[in-house]
Each structure stands twice: as structure tokens, then as C-alpha cells.
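1. Just need the structure, nothing else, for what follows:
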Amino acid sequence: MSDRSKAMEFKSKRLTFEELSERLREYERKYGYSTIEFYRRFQSGDLGDDDDLMMWSGIYHLYLTSLPVRQFMQSEVASA
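-> Numbering: from 1, shown residues only. Okay, here's the model as predicted:
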């Protein structure tokens, strides 16, 4: 799947937390390092800004911002 079609998919579909996690694992396998290491290097400017890396960064951002919501929802279900 091309980067452009991935971007189009994000506009037309909401991804689950599990799908975000799988996308991150795909990038980790493709590039050979963890998302945390990627993001550190990306933020410091060591990796450039090609479309694939921008997409990885965006997916990681979505993952980070959805994690607290997911944790809250799980705690609400557990306490009900």
C-alpha cells in the first residue's frame, strides 16, 4: 500500500487502538528499530522528513493520544 493510499485510508476510516499498534509494529519491522527510538531520532532531525516517516510519526502521535482514553475506558468498565 502506498503512503498516499494510507493517508487516504486515515481520512475515510477510524482505526482501533489495536490497528494503530499493528501499524507501529509494521514500521518497526520495516525499519528495524522501535517506535520510541524512531521518534527520538525523527524529532532530533536525524531521519529527514519523507512521507513514510511522517506517517509513522503521525500514527505514533495518534497512539499516544488515544492511550490515556483507552486506559480510562478500561478502568471505567472494571469499576462498573
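
2. mind listing what the most centrally placed residue in the chain touches?
-> Central residue check for the chain by CA atoms, centre = their mean: the C-alpha nearest the mean position is that of I59, 2.5 Å away. Residues near I59 by CB atoms under 8 Å, 6 or more residues apart in numbering: 20, 23-24, 27. C-beta: built from backbone N, CA, C; applies to glycine.

3. hmm, 6 Å instead?
-> Counting by CB atoms under 6 Å, 6 or more residues apart in numbering, I59 touches R23.

4. so which strand or helix has it?
-> For I59, the element it lies in under DSSP states H and E is helix 51-79.

5. same thing with E19?
-> Assessed by DSSP H and E, E19 sits inside helix 17-31.

6. Show me which positions of that helix end up buried.
-> Neighbour-count burial for helix 17-31 flags 20, 23-24, 27-28, 31 (criterion: 16 or more other CB atoms under 10 Å).

7. angle of the very next helix or strand once past that helix against helix 17-31?
-> Counting by DSSP H and E, the element after helix 17-31 in chain order, helix or strand, is helix 35-43. Angle of helix 35-43 versus helix 17-31, following axes from the mean of the first three to the mean of the last three CA atoms, to 10 degrees, is 70 degrees.

8. tell me the mean pLDDT over helix 35-43?
-> Taken as a whole, helix 35-43 has an average pLDDT of 96.

9. Contacts made by it with the rest, please.
-> Contacts of helix 35-43 (CB under 6 Å, 6+ apart): 24, 28, 47, 57, 60.
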